[in-house]
Structures are given as C-alpha cells and as structure tokens.
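Engineer: Sharing a sequence plus its predicted fold:
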Amino acid sequence: MCIADTGALVEDYETDLDRRLNNVPWNSWNSMLYVQFRKIFDMYTGSYMWMTPVYHAIERHLYCDGFYFIAEPVAGIEKGAIQEPIELAYKANHVERGDLGDAELNCTIVEPQGKYILTQYTTWKRLSVLKRAHVAKFVCYIRKVIPTLLKDILQRKATQYWINQAQFRVDTFLSNFIENPSLERYSILKSYNVSVQFDDVASELNVYIDITPIRAIERINVFITVH
C-alpha cells in the first residue's frame with residue numbers, strides 16, 4: 001500500500017481538490033491519499049515544523065495493524081486519533097469534508113473530543129468495496145500469503161491428490177477469517193469460495209477465490225418518534 005499526500009503544504013481544501021485532479025489523479029486500490037499538513041513541535045530542534053499528514057497516517061496504520069489486525073479500518077475517534085498537539089494547515093467543515101471524501105482524500109477532523117483521521121478511502125474511483133482500505137489491505141495480505149502456501153506443489157504430478165491439496169490449503173487459510181463472534185480480531189469475511197482447476201494444455205493449476213469482506217460502519221442514523 002502506498003500512503004501519500006497531495007504533494008505540497010496548502011492552506012485550503014479547494015487547492016487539495018485541485019491537486020487531486022491534476023497532480024495525483026490516481027485510480028488504484030493500492031494507494032491512499034491524506035490531506036492537511038500539520039504543525040508539530042520537534043523536540044530535537046526545539047522548534048515547530050510543518051509535517052505531511054502521512055506522518056500520522058503511517059503511525060495509525062502500524063498501530064492498528066499490530067493492536068487489532070491488518071483488516072481493521074484505520075479511522076475514527078479511537079483508531080484514527082492524533083495523540084500529540086498539532087495545528088492543521090486548514091480545517092474543513094461538514095460540506096468540505098464531504099467534497100474531500102468524494103475525491104478519495106482522507107482528512108483530519110477537529111472536534112471537542114479530539115482530532116482524528118475521519119475516513120479510510122483508497123484512491124480507487126470505482127464503486128467497489130476496494131475503496132475501503134481495510135478491505136484493500138486484506139486483499140494485499142492474502143495475495144502475498146497464499147502463493148507461499150502452494151509453492152511446494154509446483155512440479156508435482158497433477159494428480160487429484162495435489163489438486164485437492166491446493167484446495168484444502170487455501171480453504172483452511174481463508175476459514176480463519178470467517179466472521180466469528182468469539183474471535184472479533186480475525187472476523188473479516190462474510191463468506192468465501194475456493195475453486196481449483198488444472199489446465200492440461202498449459203500445465204497450470206488455477207486457483208479461483210471469491211470473497212465477500214465485511215464492510216465498515218461509516219454512518220449512524222438515529223430516528224426518534226415522539227407520540
């Protein structure tokens with residue numbers, strides 16, 4: 001995953017939107033963009049300095065990956081909390097935050113309860129769950145791990161035993177991430193399906209994986225009826 005900013009210290013959200021359009025018009029589920037440079041105190045030089053939002057974004061991602069798991073959304077009042085004094089280059093109101101989110105830009109919000117990263121969008125512009133980083137990071141993770149589970153099957157005879165071995169290993173691995181009330185940390189998938197087929201012409205073992213990740217709660221609506 002690439003975690004980046006829009007390329008410069010800017011003082012208004014319109015400029016960040018313009019830079020998103022012209023300077024970083026990425027369309028990838030493997031990257032994230034953060035906005036609002038922040039002024040922090042550097043204890044080593046004894047002076048204040050402007051720092052890229054990537055500084056806090058990486059810290060929050062590493063914290064959540066370790067304390068929760070790699071598929072935990074890195075945003076919100078707890079998991080996206082900035083835990084040191086900062087001064088943002090600009091603050092965005094409700095409408096402006098919506099515009100930034102529509103452009104897949106992750107902003108920092110300032111509330112009486114604290115300052116925290118509000119969203120976890122990737123730069124993927126399609127209407128897809130891969131716009132959410134907790135899903136994208138998990139897909140990156142399984143794409144890296146699954147080949148290591150199957151590596152020793154290379155150059156085996158294509159008997160049904162080894163084909164079934166591939167099916168069994170991938171299925172067993174993914175079963176660890178099915179939603180489980182007693183194991184919230186690794187509850188990542190609502191469902192999955194694994195299909196393994198051998199191509200006699202190309203001598204290739206094709207593993208097809210279909211997953212349905214658990215979405216994130218991004219909005220809470222409260223309806224009150226008074227009689």
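Structural biologist: Received, thanks.
Engineer: how far away is Ala202 from Asn27?
Structural biologist: From Ala202 across to Asn27, the span is 31 Å (Cβ to Cβ, to the nearest Å). The C-beta positions use only the backbone N, C-alpha and C, and glycine is treated the same way.
Engineer: What helices and strands are in contact with the longest helix that the chain contains?
Structural biologist: For the chain, the helix with the greatest residue count under DSSP state H is helix 133-150. Where contact means 3 or more Cβ pairs under 8 Å, 6 or more residues apart in numbering; DSSP states H and E, helix 133-150 is packed against helix 160-175, strand 204-213.
Engineer: Take the ones you listed and write them to JSON lines, including mean pLDDT and mean neighbour count.
Structural biologist: Listed next are the helices and strands packed on helix 133-150 as JSON lines, based on pLDDT from 0 to 100; neighbours: other Cβ atoms under 10 Å:
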{"stretch": "helix 160-175", "mean pLDDT": "96", "mean neighbour count": "15"}
{"stretch": "strand 204-213", "mean pLDDT": "97", "mean neighbour count": "14"}
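Engineer: how far out from the middle of the chain is stretch 180-187?
Structural biologist: Put simply, stretch 180-187 sits 19 Å off its chain's centre (Cα atoms, centre = their mean, to the nearest Å).
Engineer: picking that back up, could you list the buried residues of the longest helix of the chain?
Structural biologist: For helix 133-150, burial by neighbour count (16 or more other Cβ atoms under 10 Å) applies to 133-139, 141-142, 146, 149-150.
Engineer: how much space between the residue most central in space within the chain and Asn22?
Structural biologist: Using Cα atoms, centre = their mean, the residue of the chain that lies closest to the mean C-alpha position is Ala133, 1.6 Å off. Ala133 sits at a distance of 23 Å from Asn22 (criterion: Cβ to Cβ).
Engineer: related to what we said a few turns ago, I'd like the buried residues of helix 133-150 laid out as JSON lines, including distance to Ile82 and pLDDT.
Structural biologist: Below are the buried residues of helix 133-150 laid out as JSON lines (distance: Cβ to Cβ, whole Å; pLDDT from 0 to 100):
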{"residue": "Ala133", "distance to Ile82": "18", "pLDDT": "97"}
{"residue": "His134", "distance to Ile82": "19", "pLDDT": "97"}
{"residue": "Val135", "distance to Ile82": "24", "pLDDT": "97"}
{"residue": "Ala136", "distance to Ile82": "23", "pLDDT": "97"}
{"residue": "Lys137", "distance to Ile82": "21", "pLDDT": "97"}
{"residue": "Phe138", "distance to Ile82": "25", "pLDDT": "97"}
{"residue": "Val139", "distance to Ile82": "27", "pLDDT": "97"}
{"residue": "Tyr141", "distance to Ile82": "26", "pLDDT": "96"}
{"residue": "Ile142", "distance to Ile82": "30", "pLDDT": "96"}
{"residue": "Ile146", "distance to Ile82": "35", "pLDDT": "96"}
{"residue": "Leu149", "distance to Ile82": "38", "pLDDT": "96"}
{"residue": "Leu150", "distance to Ile82": "41", "pLDDT": "96"}
